[in-house]
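Trainee: what follows is a predicted protein model with its sequence.
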Amino acid sequence: MTADLGSTQVRRIALAAQGFADRRPTGAVTMRLVDRVIDRTKLFQMDSVNIAVRAHYLPLFSRLGPYDRSLLDRAAWRPGRGGRTLTEYWAHEAALIPVADWPLFGFRMAEYRDGRYRHTRDTMRRNRELAADVRAVIADTGPATPRRIEERLGIERSPRASGGWWNRGEVKHLCEAMFASGEFAATRDDAFGRHYDLAERVVGADLAAVHIDRIEAHRELVARAAAALGVATVADLADYYRLKAADVRPAVTELVEAGVLEPVSVSGWRAGAYLHTGATVPVRASRAGSDRGAILSPFDPLVFFRPRAERVFGFHYRIEIYVPEHKRVHGYYVHPYLLGDDIVARVDLKADRQRGVLRVPGAFAEPGQDAAAVAAPLARDLATFTSWLGMAAIEVGGRGDLAPTLRRLIG
């Protein structure tokens, strides 16, 4: 190891790499600023849960402040004259990635040639002829939902119990298989429904035809992950794009030899780490200031790998959606709250859209934090978040040590 890094320094490196040290805009957010964030994070993880706001919209808000969400829609699904800059694929789970990165996942598309899940693969193997018919419908009609494809093919099926992946029709599974294999790409409608289309019509025929060697693709993805993280272990680098550690290690060796990565030791970390040589290594708190706060998505790239969040910030997080209500510790859909260089609190948030109210059922300071010092900036940032969502008011519930002060500050 050629350098020693302390815990505070590592936090600041990680935050700078993710764009939190960049100056926030004083005017309207432009597509150029959106592109700047994408250049930092490399991807936005997607999630269908819409309790407060869908997960892929929040990283831009966390870094830039209030922005017009149609900017992200234009980048991914409704491109204007500038063309599409983002597309959806299995990167860190379902994620929006730069269109230019599509060929880097060719190795994964080959692995998923019949689908990502066993049930989907089984469906594809039993229904090759139907898959060809599905492909022909999309080639003829353009982007389509599975229901629309079924209508075109004259397929009728009885309604089944809602909510289960395995209760979906065969056409849906075939579309998912061809999406995973890279034959199809996807766009989204206003209700977040997937519309499948031929990949060459979404990402462009030139990109769809590019083949990148598996080893080269892994080296490029590890380099991107390292830039997005600043300093990272092999496990961190592997998780960013859900790569196998066995494929990451030789890529790391090559990147060290090429001068892209530098081996470092980090105080308190058992595993060795690697610093991206282009990373900013702040010697003091970021210019953003110690009072700059950010409400994070649970799936923000800063924290979506839970072991890293615990190592870097001492932040232990488990999402509790699937935990019975009486067993939840913090709440249903809890957002970390970043203040300055540290994660200092977490808030359970729910948008009551009918009433135009942002509900805060629970608000909790992290261990060792001064609740009074955290509550004021959190109240300020909740007000900004509420306005951004188009809500008129905030209601603070009774759970958590921050709740009483928040209620008094918010009124």
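Mentor: Happy to help now that I have it.

Trainee: work out which residue lies at the spatial centre of this structure.
Mentor: Taking C-alpha atoms, centre = their mean, the centroid of the chain lies closest to Gln45, which sits 2.0 Å from it.

Trainee: that one: what's it in contact with?
Mentor: By C-beta atoms under 8 Å, 6 or more residues apart in numbering, the contact list for Gln45 reads Ala55, His56, His92, Glu93, Ala94, Ala95, Ser297, Phe299, Asp300, Pro301, Phe304. (Glycine included, C-beta is placed from N, CA and C.)

Trainee: got a list of what the residue nearest to the first one when sequence neighbours are not counted touches?
Mentor: Spatially, and ignoring its direct neighbours in sequence, Ala55 is nearest to Asp47 (3.8 Å; C-beta to C-beta, 6 or more residues apart in numbering). By C-beta under 8 Å, 6+ apart, the residues touching Asp47 are Arg54, Ala55, His56, Ala94, Ser297, Phe299.

Trainee: quick one: Ala403 and Gly362 touch, right?
Mentor: Yes: when contacts are counted by C-beta atoms under 8 Å, Ala403 is listed as touching Gly362 (6.8 Å).

Trainee: and the two? which has more neighbours close in?
Mentor: Using other C-beta atoms under 10 Å, the more surrounded residue of Ala403 and Gly362 is Gly362, with 23 against 20.

Trainee: for the more buried one, name its beta-bridge partners.
Mentor: Applying DSSP bridges to Gly362 gives these bridge partners: Asp348, Arg399.

Trainee: any stretches of the stretch 101-250 of the chain with poor pLDDT?
Mentor: Applying pLDDT under 70 to the stretch 101-250 of the chain picks out residues 157-168.

Trainee: so what touches stretch 243-254?
Mentor: Applying C-beta under 8 Å, 6+ apart, the contact partners of stretch 243-254 are Ile215, His218, Arg219, Leu221, Val222, Ala223, Val234, Ala235, Leu237, Ala238, Leu261, Tyr274.

Trainee: tell me which two of those sit farthest apart.
Mentor: Largest separation among these by C-beta to C-beta: Ile215 and Ala235, giving 20.1 Å.

Trainee: what are the ranges of the helices in the stretch 51-200 of the chain?
Mentor: Assigned by DSSP state H, counting those that start in this stretch, the stretch 51-200 of the chain shows helices spanning 58-64, 70-76, 106-111, 118-126, 128-141, 146-153, 170-180, 199-202.

Trainee: give me the next element, helix or strand, following the shortest one.
Mentor: Same thing as helix 199-202. Using DSSP states H and E, the helix or strand that directly follows helix 199-202 along the chain is helix 205-208.

Trainee: strands of the chain, start to end?
Mentor: Remark: strands assigned in the chain by DSSP state E are 4-5, 44-45, 86-91, 93-98, 184-188, 194-198, 231-232, 261-266, 273-276, 293-295, 334-339, 342-352, 357-365, 393-399.

Trainee: the third one vs strand 184-188, what angle?
Mentor: For strand 86-91 against strand 184-188, the angle by axes from the mean of the first three to the mean of the last three C-alpha atoms, to 10 degrees is 120 degrees.

Trainee: can I get strand 86-91 as PDB, trimmed to CA atoms?
Mentor: C-alpha atoms of strand 86-91 as PDB (Å, rounded to 0.1, in the frame of the first residue of the first chain):
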ATOM      1  CA  LEU A  86     -29.800   7.500 -21.000                       C
ATOM      2  CA  THR A  87     -31.300   4.000 -21.400                       C
ATOM      3  CA  GLU A  88     -32.400   1.300 -19.100                       C
ATOM      4  CA  TYR A  89     -30.500  -2.000 -18.500                       C
ATOM      5  CA  TRP A  90     -29.500  -4.400 -15.700                       C
ATOM      6  CA  ALA A  91     -26.400  -2.500 -14.400                       C
END
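
Trainee: tilt between that strand and strand 93-98?
Mentor: Angle of strand 86-91 versus strand 93-98, following the same axes, to 10 degrees, is 140 degrees.

Trainee: strand 86-91 - what's its average pLDDT?
Mentor: Across strand 86-91, the average pLDDT comes to 98.

Trainee: partner strands of that strand and their direction?
Mentor: Sheet pairing of strand 86-91 (DSSP bridges) gives strand 93-98 (antiparallel).

Trainee: between the contacts of Gln45, which is nearest Asp140?
Mentor: Of all these, Asp140 sits closest to Ala94, with 27.0 Å by C-beta to C-beta.

Trainee: and that closest one, how far from Thr87?
Mentor: Separation of Ala94 from Thr87 (C-beta to C-beta, to the nearest Å) stands at 12 Å.

Trainee: the two: who's more crowded?
Mentor: Each of Ala94 and Thr87 has its neighbours counted (other C-beta under 10 Å); Thr87 has more, 24 against 18.
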